[in-house]
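> Give me a 3D structure for the following:
(2 chains)
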Amino acid sequence: MDSTIAAVLLLDGIGNGAVYALLGMAIVLVFAVTRVILIPQGEFVAYSALTLAMLQLGRIPGTVWLALLLSALAVLRELWDGLRAQRAWAATAREIVRLCTLPVAAAALTGVAAGQAWPLALQGLLTLVLVTAVGPLVYRLAYQPLADASVLLLLIVSVGVHFTLVGLGLVFFGAEGYRTPPFWDASFAAGAVTISGQAIVTLAVSALLMAALYLFFSRTLAGKALRATAINRLGARLMGVSTEHAGRSAFSMAAFIGALSGLLIGPATTMVYDSGFLIGLKGFVAAIFGGLASYPLAVGGALLVGLLDSFSSFWASAYKDAIVFAAIIPVLLLRSLADRRHDDDE
Amino acid sequence: MPALKIAAAAGVVLLLALPLLPVPEFWITQLDYIGLYAMVVLGLVLLTGVAGLTSFGQAAFVGLGAYASAYVTTAHGASPWLGLLCGVALTLVVALVLAGVTLRMSGHYLPLATIAWGLALFFLVGNLEFLGRFDGLQGIPPVAVGSVELRSGRASYELIWIVAMLGALALRNLLDSRPGRAIRALKGGTLMAEAMGIATWRYKLLAFVIAAIYASISGWLFAHYQRSVNPSPFGLQMGIEYLFMAVLGGVGLVAGAFAGAAAVKIAEDQLQNWLPALLGTSGPVELVVFGMVLILVLQVTPDGLWSLVTRRLPARRHDPSSWADAAPLAMAPRPARGETVLSVRQARKQFGGLVAVNDVSFDVRAGEIVGLIGPNGAGKSTLFNLITGVLPLTAGQVDYRGARVSGQSARAIARRGVSRTFQHVRMIPDMSVLENVALGAHRRGGAGVLRAMLRLDRGDERRLLAQAWQQLDRIGMGALADEPAGNLALGQQRLMEIARALCTDPALLLLDEPAAGLRLKEKQALGAVLAQLRGEGMSLLLVEHDMDFVMTLTDRIVVVEFGTRLTEGTPDAVREDPAVRAAYLGVEH
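Residues are numbered from 1 along each chain as shown, chains lettered A, B, ... in the order given. Prediction:
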């Protein structure tokens, strides 16, 4: 391998790593707040890339139907829960409005926009809003009724959600693969290496988002409320922080991060309805590096995974995934030994 | 109970007789697969449901068993029975290596590690030339029993189900035994089990290896049933599917393995059958409906399908007379009265800048009750943890019967004859009181996993239960022996911990607030038992806030405040000490 190839692989690895880092952070966030291991995180990525691809082709993306379907189910669920708890109709209506306004509006707008050739950036924005709106609906339908269940049970529910969303993805998007156009179609020569504009966008947006998340969690009340829920659910509830609201916020953010990752990775990888799983899994790996608790370590882990990914695909592409996942074991062992704390309150 | 047993036996006979009846081929095939899956899920019930170690990687072990046998039978023409041996041996080696690397991981690292090796093995097998890469191996011979070759699904049925049922029986036996209780104790963290002298790592390893071997045997059956293997049934997807069969059936319930496997297999096939008829399409919709049904079922029965059955079954009751003739367990010789049993020398513990225990020294002699008192936050529980090896000392030394024990593990110290209770009760809530207490006697029994699975451990088991029952009875809780420990009131839970500690046959017993939550009569009864233990030559060190209890019971009292020893003396001397009064009541200015 010469230095040019190494540089290309390095760039590639960092680009992928940045996206894994975003996903890893989303998984850490969701786990900390809700104890859900979000296996379907990757689905948001695939949905987002495919939604943009559909908009580019001038077709109504399946995400529109998904948002409407989940909204309808959420309405039924709210009515059912309202009846069982003998809740006032006004309260039920308020919940429904709170849950469904954004997804229905986003779906309607996307439906309108689909026929018209809006600029790429606007279509990207619309995709972001639409996919983000799906997040809290998923939480409401699948996880909220089980908020106090064990981590294992929530994990299995996650598997169910993953199946459902992958299946829906196939129904709505078909089995074809798509690539979305890059947001910045430039390229720069640095010596023998060309750096694409999209790679710069990816890195810049990732860095920006990480900074924004940092500010959100350290400076805003909403961010602090989420952190409080993560540290002590009961305590946060006693202080007036609604855990349901926290869960919904966490899922909104996870969906948003997933959607953004989809837009960033879409031009570099051909996306199929089930591409999300492996991408999400690598994000999960990154999250585990951080012990599902530390954001900076999750980012570091993600970069490592991205580099392993790109270098092993060069040396032994058939064994690429085997290498990436096998290489994790020693790192895990180190991590595990490093934070050998008391299992006092496991 | 007999009615239930008859029903269960009838069910087993019916299940084994099914192929003789005019059951359609389709259902025989379904049941073959359910049996194969259930075998793997049984392993997960033990590993994930009972021991609390989540594994996504079981499918990889199925693959090991399948490929090992497929390779030796096709490439070397070996008998499938030899293939079984090869598969189990290979699995054993691989499982031990993987366990060595991954099983020490805590919390969420383990599940990820199982994903990692699951994927790694999958891709490895898919790329190896001699295993046929992703095309796999074909032309695997069927299993032959004597001269009968099990070629058809109907013929394989008996083999599959006999193996699965024997697997279930062995697992059920294991869970109701000495090693089984140790494995069940893993779920609540290792602190308590280690303090009872149980080598928790060993039992984690055993649970892991047993689960792997169950999976491997299923893989062997699978290879010779299908007569061909390729990597796809052994990938991560299937590993996840096994895990949710376990959860859907009721993780931790042996019969749940069958319920979960059946529910998943039948649901998958039935959806394939009637969804197209209903919606006019097939394919992805099945996956969608399947996922949704799974989520809904779990929302309705979070404890799994089989819990709907067990909920209606009467709880198991032990009959104390069944172990009346059991020979008592051997007891360690007691130290001579007056011998210094425990000697704490300048013990110091710092957490960062905070000095929790500040150069504290005191002795406990044989046949003596020493009280350790002090205001909240004085460092009493930390001292307990230092003595029992739960926390390492920053400086100083602890000797037990003349030998240094500081620096040794909690388990090693427990094995020397030091036992304890905890300030925050540590128990396995879904185990019965008797079983919880029997954990204390673990070290005094000898039955291992194999003996337990084959039910050859009953003599040993009777002696352990007799001991547990005796200690429970002594502490006045015999009537509650069959109650799930989680149902007890707090005071009773504390008493149960004392009975458990007594089961370890200790020479030195450390009790952390034993009287908290007890009513007056119960306190008096407890005091009488403790005094009786002292009479037998046991030494006791107790932390307690109930001054009446401490003053009437103890021979000497050590008072600590802010981690420092304030004074030491007889109860009367301590009561009169102005410094103690100041510490408890404040000083007049």
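
> elements contacting the helix ranked longest in chain A?
Assignment by DSSP state H gives helix A:3-34 as the longest helix of chain A. Packing contacts for helix A:3-34, counted by 3 or more Cβ pairs under 8 Å, 6 or more residues apart in numbering or on different chains; DSSP states H and E, involve helix A:41-56, strand A:193-196, helix A:197-219, helix A:221-231, helix A:243-265, helix A:276-289, helix A:295-315. Any C-beta I mention is one placed from the backbone N, CA and C, and that applies to glycine too.

> Out of the ones you listed, which is closest to chain B?
Closest of the helices and strands packed on helix A:3-34 to chain B is helix A:276-289, at 4.5 Å (criterion: Cβ to the nearest Cβ).

> so who does A:Gln116 touch?
With Cβ atoms under 8 Å, 6 or more residues apart in numbering or on different chains as the criterion, no residue contacts A:Gln116.

> How much space separates it from B:Asp512?
A:Gln116 sits 73 Å away from B:Asp512, going by Cβ to Cβ, to the nearest Å.

> cool, B:Asn273 as well?
61 Å.

> Which of these two has more residues huddled nearby?
B:Asp512 (22 against 12; other Cβ atoms under 10 Å in any protein chain shown).

> Just to check, the more buried one is in contact with B:Ser381?
Yes. Here B:Asp512 lies in contact with B:Ser381, judged by Cβ atoms under 8 Å, at a distance of 6.1 Å.

> Residues in a beta bridge with the residue of the stretch 451-589 of chain B found nearest chain A, which ones?
Nearest residue of the stretch 451-589 of chain B to chain A: B:Asp512, at 14.3 Å (Cβ to the nearest Cβ). Beta bridges link B:Asp512 to B:Val543, judged by DSSP bridges.

> mind checking pLDDT for it?
For B:Asp512, the model assigns a pLDDT of 91.

> next one: B:Ser106
Looking at B:Ser106, its pLDDT is 63.

> which intervals of the stretch 1-150 of chain A have sub-threshold pLDDT?
Scanning the stretch 1-150 of chain A for pLDDT under 70 picks out the ranges A:1.

> What ranges in the stretch 151-300 of chain B fall below the confidence cut-off?
For the stretch 151-300 of chain B, the ranges with pLDDT under 70 are B:277-284.

> do that again at 50, thanks
Judged against pLDDT under 50, the stretch 151-300 of chain B has no low-scoring part.

> Show the residue spans covered by the helices in it.
B:153-175, B:178-184, B:191-195, B:200-226, B:236-250, B:254-279, B:284-300 (DSSP state H, counting those that start in this stretch).

> Reformat the ones you listed into TSV and put distance to A:Leu297 next to each item.
Shown next, in TSV, are the helices of the stretch 151-300 of chain B (distance: least, Cβ to Cβ, whole Å):
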stretch	distance to A:Leu297
helix B:153-175	38
helix B:178-184	32
helix B:191-195	27
helix B:200-226	26
helix B:236-250	24
helix B:254-279	36
helix B:284-300	32
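
> Which one of those helices lies nearest to chain A?
That would be, of the helices of the stretch 151-300 of chain B and by Cβ to the nearest Cβ, helix B:284-300, which comes in at 3.3 Å.

> middle-most residue in chain A, spatially?
A:Gly258 (2.8 Å; Cα atoms, centre = their mean).

> Quick check: bridge partners of B:Ser539?
B:Leu508.

> Relative to B:Leu46, how far out is it?
39 Å.

> Show me what from the stretch 151-300 of chain B comes close to chain A.
Within reach of chain A by Cβ under 8 Å from any Cβ of the partner chain, the stretch 151-300 of chain B has these residues: B:188-191, B:240, B:243-244, B:247-248, B:251, B:283-292, B:294-295, B:298-299.

> repeat that with 10 Å
Residues of the stretch 151-300 of chain B lying close to chain A (Cβ under 10 Å from any Cβ of the partner chain) are B:187-191, B:194, B:200, B:236-237, B:240-241, B:243-248, B:251, B:281, B:283-300.

> Sort out which of those are buried, if you could.
Buried members of those, counted by 16 or more other Cβ atoms under 10 Å in any protein chain shown: B:187-191, B:194, B:200, B:236-237, B:240-241, B:243-248, B:251, B:284-295, B:297-299.

> Phi first, then psi, for the residue nearest to B:Met192 when sequence neighbours are not counted.
In space, and not counting its chain neighbours, B:Met192 is closest to B:Arg426: 3.8 Å by Cβ to Cβ, 6 or more residues apart in numbering or on different chains. When read as degrees, to the nearest 10, the backbone of B:Arg426 gives phi -120, psi 110.

> Isn't B:Arg426 up against B:Gln493?
Yes. Using Cβ atoms under 10 Å, B:Arg426 is in contact with B:Gln493, at 9.4 Å.

> can you list residues touching both of these two?
B:Asn436 (Cβ atoms under 10 Å, 6 or more residues apart in numbering or on different chains).

> check contacts around B:Leu296.
A:Leu141, A:Ala142, A:Pro145, A:Gly160.

> now, among those, which is nearest to chain B?
Distances from chain B to these, taken by Cβ to the nearest Cβ, are shortest for A:Gly160, at 3.9 Å.

> Number of residues surrounding that closest one?
24.

> Could you do B:Pro179 as well?
24.

> Quickly note the distance from it to B:Leu44.
Distance from B:Pro179 to B:Leu44, by Cβ to Cβ: 18 Å.

> repeat for B:Gly563
47 Å.

> So which of the two has more stuff around it?
Ranked by neighbour count (other Cβ under 10 Å), B:Gly563 and B:Leu44 place B:Leu44 first, with 29 against 23.

> So that one sits against B:Leu243, correct?
Yes. Judged on Cβ under 10 Å, B:Leu44 makes contact with B:Leu243 at a distance of 6.2 Å.

> in what helix or strand does the residue of the stretch 101-250 of chain B found nearest chain A lie?
In the stretch 101-250 of chain B, the residue found nearest to chain A is B:Phe123; the distance is 3.4 Å by Cβ to the nearest Cβ. Using DSSP states H and E, B:Phe123 sits within helix B:109-127.

> what helices or strands is that helix leaning on?
Helices and strands touching helix B:109-127, by 3 or more Cβ pairs under 10 Å, 6 or more residues apart in numbering or on different chains; DSSP states H and E, are helix A:151-173, helix A:276-289, helix A:320-338, helix B:58-75, helix B:80-102, helix B:200-226, helix B:236-250.

> got the residues of the stretch 401-550 of chain B near chain A?
B:His424, B:Arg426.

> Going along the chain, name the strands of the stretch 401-550 of chain B.
Using DSSP state E, counting those that start in this stretch, the strands assigned to the stretch 401-550 of chain B run over residues B:403-404, B:418-420, B:508-512, B:539-543.

> Please tabulate those strands in CSV, including the columns distance to A:Tyr178.
Rendered in CSV, the data for those read as follows (distance: least, Cβ to Cβ, whole Å):
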stretch, distance to A:Tyr178
strand B:403-404, 70
strand B:418-420, 64
strand B:508-512, 64
strand B:539-543, 68
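
> from those strands, which stretch is densest packed?
Mean neighbour count (mean count of other Cβ atoms under 10 Å in any protein chain shown) peaks for strand B:418-420 among those, with a mean of 27.
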